[in-house]
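Chemist: fold the following, please.
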Amino acid sequence: MPGPARLGSGDPAHHFKRFGPTHAKVDEAFTKLGYIDVQHLANRIKGAVMMGTGLMDPMCPPSTQFAAFNKIRAPKELVLYPDFGYDELPGHIDRIFNFLSEA
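Modeler: Next up, the predicted model:
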């Protein structure tokens, strides 16, 4: 099983814990997930975007986030957090509120 699905609570493994506790269909699930790539939907975004990216994120690798971000045609802003992974990003909630209040 891929690494991210082995992480603790609050992660994608939650689905397996709830709907497939024996992991009998884990390969099938990951095969189906392989067809979904948000970068192919990014060009449909019409509203302004502010994306926060932790550069050490093993769950949502920055390369996949950049692939989607680069295809957004709407106004966009990228905030990088070099020392963070799949974490709460310090000050990012305030950034979100400020971003939304300006929209």
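Chemist: any stretches of this protein with poor pLDDT?
Modeler: Under the criterion pLDDT under 70, the flagged ranges of the chain are 1-15, 103.
Chemist: walk me through the domains of it.
Modeler: Residue ranges for each domain of the chain read 1-36, 38-103, as given by automatic domain parsing.
Chemist: check these for me and report the most buried one.
Modeler: The highest mean neighbour count among those, using mean count of other Cβ atoms under 10 Å, belongs to domain 38-103: a mean of 13. For the C-beta atoms, the positions are set from N, CA and C on the backbone; glycine is no exception.
Chemist: most centrally placed residue in the protein?
Modeler: Cys60 (4.8 Å; Cα atoms, centre = their mean).
Chemist: isn't that one up against Asp87?
Modeler: No: using Cβ atoms under 8 Å as the test, Cys60 is too far from Asp87 to be in contact (11.4 Å).
Chemist: let me see the contact set for the residue nearest to the centre of the chain.
Modeler: Tyr86 (Cβ atoms under 8 Å, 6 or more residues apart in numbering).
Chemist: how about the helices in the protein?
Modeler: Secondary structure of the chain (DSSP state H): helices located at 13-19, 26-33, 62-70, 92-102.
Chemist: now those as TSV including distance to Arg44?
Modeler: Listed next are those as TSV, based on distance: least, Cβ to Cβ, whole Å:
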stretch	distance to Arg44
helix 13-19	25
helix 26-33	20
helix 62-70	11
helix 92-102	20
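Chemist: with that, I have no additional questions.
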